[in-house]
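> predicted model, plus sequence, below.
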Amino acid sequence: MRPLTLAAGLTLVLTMTLTTGLPASAVPAGAAPPSGLADLPAVAPVLSCADVPGLRLDGVTISSAAVVSTGAPAPYCEVRGTIAPANTIVLRLPVHGWTQRYVQTGCGGLCGTAVINYGQAASCPPIADGTVAGATTDMGHQGRNDGSWAAGNPQAQIDFAYRGVHVTAQVAKAIITAFYGRRPAYSYFTGCSDGGREGLMAAQRYPGDFDGIAAGAPANNMAVQNTFHHAWNVLANKDAAGNFILLAGKLPLVHQAVLAACDRLDGLTDRLLGDPRLCRFDPASIVCRAGQDVTTCLTAAEATVVRRLHDGATDARGRRLEVAVSHEWGSELEWTLFVPAAQGQPVASEMFALSYLRYLAEPNHPRPEYQLSDLAFTVESFWRTVLPSSTYLAAMDPDLRAFQRGGGKLLLWHGWNDQHIAPRSTLAYYDAVRATMGAATTDRFARLYLFPGLAHCGGGAGPDTFDVLTPVMAWVETGRRPGRIAGTSALPVARVDTSWVGQGLYSSGYQTWPRAAGGKLVIPPPRR
């Protein structure tokens, strides 16, 4: 039997004959596929679920396979296993009615768990009716969201950076091929936050893995986001004694003032800012006047903090150390991620920054004692902090020509009220793609959607349940171009300056492909 050879030393030896032209399972007469999707006949398995652990995969351990019916739209074979050295994978294989689509999902934060989560793709019809095969991975490590898993574990850093998604796609497709006797007709990826970064990393480094990608609120600029962005969220709100200046009790007051100033600018008074870039709110406008009740206004120091949190990290000369505007006007109620309710309360932004600065910023030199006060907000510190890990952990390359030439379609999406990742970071990346590939070429394969009122991946004041995957499927399968989603148009028209110190990160050539050797991460010099 000829083995099916995969990259990265993975080989699947099939102990069966692959069948082509299998008869489709029953499809109701006259049934029409969801709007825009190809009418793909359903395919029945050629193996039983119990047979899956018997597949021989080099470098892969299949630990279990069992049929699941409870809580599922249709029964599926749940497969669990590990891709060496430590990538936990989970697959769902419909036991009947598979419509030849594969959907891989991403994870969030620093990952560490393998849970299939379709997120804003959950209402996509082939997912909702249980006719897609799905998979996910924990990205090569388990738990420990404090980043300590990276210490002394260079392979885990590589798997988290880019390899985990790739080998999962390879192994999942190989198992699907064995289970159904044919490969998926189409393969898709959907994810938000780090899952968005994973999707962009796939398009940039492994452009043949997926036909379509929906990447939400991507943490693609991870080396900046988890250092200067989140550290600024904390330090910009501290006084000389280390106490917080602005507390969460004042956030509703700021939010009401923003709405009063800007809600009408989009032509609709609905407590949402359709395009926050049009808003020119000045926090100084609600500074307390003499004798005013301090619960109804801001102190001058609090107003300064509000401005700094909105504008984002800078050095002492005002040079931007992240994309201009860290948190949009209108998102103030979500700022509890980094603005505490009371003194002494921990804030999530500090944990995000310390996890990265201690264990990922210096790949071979963990610094468990590192404190936010150790981070200097200077241009020199910016490059010293960001570059060592950005070359392989960030997904900033705007040259997606290989993905585009292969017919790939990309849907980027982000909520304007995102409290974790700056929406303008995604807009800046999209602009870089258009500048690199040309607007006309980009428009043939990529779209960007910005959702009013949406917080990080969901929640917030605006519509927070919608379908980002069906438009990608329809674009791939029948050429139907994406239209409006949840009342939001692609590529809003207002344009602002997005230049900053790290502008050069949006380029090709500085990305690297590290390897693990002797317990260290060996990072080769960039291609240029």
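Alright, I've got the coordinates.
> residue closest to the middle of the protein?
With the centre of the chain defined as its mean C-alpha position, the nearest residue by CA atoms, centre = their mean is Gly196, 2.0 Å away.
> need the nearest residue in space to that one, chain neighbours excluded.
Taking CB to CB, 6 or more residues apart in numbering as the measure, Gly196 lies nearest to Pro218, with 3.0 Å between them; neighbours along the chain are not counted. To be clear about C-beta, it is placed using only N, CA and C from the backbone, and glycine gets the same treatment.
> give me every residue that touches Thr61.
The contact partners of Thr61, taken as CB atoms under 8 Å, 6 or more residues apart in numbering, are Gly81, Thr82, Ala84.
> ugh, wrong one, Gly406
Contacts for Gly406 were tallied using CB under 8 Å, 6+ apart; they are Pro207, Gly208.
> try it again with 10 Å
Residues in contact with Gly406, defined by CB atoms under 10 Å, 6 or more residues apart in numbering, are Ala203, Pro207, Gly208, Asp209, Phe210, Asp211, Phe445.
> of those residues, buried ones?
By the neighbour-count criterion of 16 or more other CB atoms under 10 Å, the contacts of Gly406 include these buried positions: Ala203, Pro207, Asp209, Phe210, Asp211, Phe445.
> model confidence score at the fourth one, please.
In this case it means Phe210. The confidence metric pLDDT takes the value 98 at Phe210.
> separation between the residue lying closest to it once chain neighbours are set aside and Ser390?
The spatial neighbour of Phe210 that comes closest, neighbours along the chain excluded (CB to CB, 6+ apart), is Phe189 at 4.5 Å. Counting by CB to CB, to the nearest Å, the gap between Phe189 and Ser390 amounts to 22 Å.
> and those two? Which one has more around it.
Set Phe189 next to Ser390 and count neighbours by other CB atoms under 10 Å: Phe189 wins out with 30 against 23.
> from Tyr118, how far off is the more buried one?
Where Tyr118 is concerned, Phe189 sits at a distance of 11 Å (CB to CB).
> between these two, what contacts are shared?
Shared contacts of Phe189 and Tyr118 (CB under 10 Å, 6+ apart): Val103, Thr105, Leu469.
> from those, which land in helices?
Here DSSP state H is the test, and the shared contacts of Phe189 and Tyr118 give Leu469 as lying in helices.
> is it possible to get TSV of the shared contacts of Phe189 and Tyr118 that adds distance to Ala455, pLDDT and neighbour count?
Putting the shared contacts of Phe189 and Tyr118 into TSV (distance: CB to CB, whole Å; pLDDT from 0 to 100; neighbours: other CB atoms under 10 Å) gives the following:
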residue	distance to Ala455	pLDDT	neighbour count
Val103	24	98	28
Thr105	20	98	25
Leu469	20	97	27
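> helix or strand: which one has the residue nearest to Phe210?
strand 186-192 (DSSP states H and E).
> likewise for Leu450?
Element membership of Leu450 [criterion: DSSP H and E] is strand 446-451.
> packing partners of that strand?
Applying 3 or more CB pairs under 10 Å, 6 or more residues apart in numbering; DSSP states H and E, we find strand 446-451 packed against strand 212-216, strand 409-415, helix 423-437, helix 469-478.
> what angle sits between it and strand 409-415?
Relative orientation of strand 446-451 with respect to strand 409-415: 20 degrees, computed using axes from the mean of the first three to the mean of the last three CA atoms, to 10 degrees.
> related to what we said a few turns ago, what strands line up against the strand holding Phe189, and which way round?
According to DSSP bridges, strand 186-192 has the following sheet partners: strand 101-105 (parallel), strand 212-216 (parallel).
> could you identify which of the ones you listed is most buried?
The highest mean neighbour count among the strands paired with strand 186-192, using mean count of other CB atoms under 10 Å, belongs to strand 212-216: a mean of 30.
> can I get that one in CSV? Just the C-alpha atoms.
What follows is the C-alpha trace of strand 212-216 in CSV, where atoms were taken according to Å, rounded to 0.1, in the frame of the first residue of the first chain:
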residue,chain,number,x,y,z
GLY,A,212,-11.2,30.2,2.7
ILE,A,213,-10.3,31.9,6.0
ALA,A,214,-12.5,34.0,8.3
ALA,A,215,-10.1,35.8,10.7
GLY,A,216,-11.7,37.8,13.5
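> settle this for me: Leu337 is touching Leu251, isn't it.
No: between Leu337 and Leu251 there is no contact under CB atoms under 10 Å: 11.0 Å.
> and the buried ones among the contacts of Gly406, which is closest to Gly140?
Nearest to Gly140 out of these is Asp209 (CB to CB; 16.6 Å).
> for that closest one, give me its contacts.
For Asp209, the residues meeting the contact criterion (CB under 10 Å, 6+ apart) are 104, 165-166, 168-170, 173, 187, 189, 202-203, 403, 406, 408.
> doesn't it lie inside a strand?
No: applying DSSP: H, G, I helix; E, B strand; the rest coil, one finds Asp209 to be coil, outside a strand.
> could you pull out the strands for this structure?
Under the criterion DSSP state E, the chain carries strands at the ranges 4-5, 11-13, 56-58, 60-68, 76-83, 87-94, 101-105, 133-137, 186-192, 212-216, 409-415, 446-451, 515-517, 520-522.
> just name the most buried of the ones you listed.
With neighbours taken as mean count of other CB under 10 Å, the strands of the chain reach their highest mean count in strand 212-216, at a mean of 30.
> roughly how far apart are Gly318 and Tyr506?
Going from Gly318 to Tyr506 by CB to CB gives 21 Å.
> quick one, which of those two is more surrounded?
A side-by-side neighbour count of Gly318 and Tyr506, using other CB under 10 Å, places Tyr506 first with 21 against 7.
> tell me the pLDDT at that one?
On the pLDDT scale, Tyr506 is placed at 95.
> roughly how far does it sit from Arg434?
For Tyr506, the distance to Arg434 under the criterion CB to CB works out to 11 Å.
> kindly report the same for Ala342.
With distances defined as CB to CB, the gap from Ala342 to Arg434 amounts to 45 Å.
> out of those two, which sits in the busier spot?
Arg434 (18 against 9).
> the more buried one contacts Asp443, correct?
Yes: counting by CB under 10 Å, a contact exists between Arg434 and Asp443, whose distance comes to 8.3 Å.
> picking that back up, what is the mean pLDDT for the strand holding Leu450?
Mean pLDDT, computed over strand 446-451, is 96.
> going forward, begin numbering at 11 instead of 1
Understood, numbering begins at 11; the last thing we discussed is strand 456-461.
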